[in-house]
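Peer 1: Got a sequence here, can you model it:
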Amino acid sequence: MLAGHLRVIEPLLDVVARDDSRWLGILRCGSCGRHWAEDSMTSGHADLFFVYPVDTADPHAWLAAARPLF
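Peer 2: Numbering: from 1, shown residues only. You can find the predicted model right below:
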């Protein structure tokens, strides 16, 4: 469900910051300006990426303090 959501809104999202060492990122909607966290989980066979909305005025600080959900 979460990965499907990403595929629907992905064309609207621009990368603000990404931490490849933790597979985390902050994206911004080019339409409404809302920030989204990008996260991932692995099934052992593939990595599944998903996004969820976050409220932050400082995306870089949010990313530095964030922990992966899975």
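Peer 1: okay, and for the chain, where does confidence drop off?
Peer 2: By pLDDT under 70, the low-scoring segments of the chain are 1-5, 68, 70.
Peer 1: where do the strands sit along it?
Peer 2: Taking DSSP state E as the criterion, the chain contains strands spanning 13-19, 24-29, 35-42, 47-54.
Peer 1: so which of these is the most packed in?
Peer 2: For those, ranked by mean neighbour count under the definition mean count of other Cβ atoms under 10 Å, the leader is strand 24-29 at a mean of 20. In short, each C-beta sits where N, CA and C put it, glycine included.
Peer 1: now the angle between strand 35-42 and it, please.
Peer 2: Angle of strand 24-29 versus strand 35-42, following axes from the mean of the first three to the mean of the last three Cα atoms, to 10 degrees, is 140 degrees.
Peer 1: Just want the angle from strand 24-29 to strand 47-54.
Peer 2: Computed with the same axes, to 10 degrees, the direction of strand 24-29 lies at 60 degrees from that of strand 47-54.
Peer 1: Give me the contacts around strand 24-29.
Peer 2: By Cβ atoms under 8 Å, 6 or more residues apart in numbering, the list of residues contacting strand 24-29 from outside reads 9, 12-19, 34-39, 51, 54, 56, 59-60, 62-63, 66, 68.
Peer 1: try 7 Å
Peer 2: Around strand 24-29, the neighbours that count as contacts under Cβ atoms under 7 Å, 6 or more residues apart in numbering are 12-19, 35-39, 51, 59, 62-63, 66, 68.
Peer 1: and if you look at stretch 45-62?
Peer 2: Judged by Cβ under 7 Å, 6+ apart, the contacts made with stretch 45-62 from elsewhere in the structure are 2-3, 5-6, 16-17, 26-27, 34-41.
Peer 1: Apart from its chain neighbours, what residue comes closest to D19?
Peer 2: Beyond its immediate neighbours in the sequence, the residue positioned closest to D19 (Cβ to Cβ, 6 or more residues apart in numbering) is L63, lying 5.8 Å away.
Peer 1: most centrally placed residue in this protein?
Peer 2: Among the residues of the chain, the smallest C-alpha distance to the mean C-alpha position (Cα atoms, centre = their mean) belongs to E38, namely 1.3 Å.
Peer 1: That concludes my questions; thank you for your assistance.
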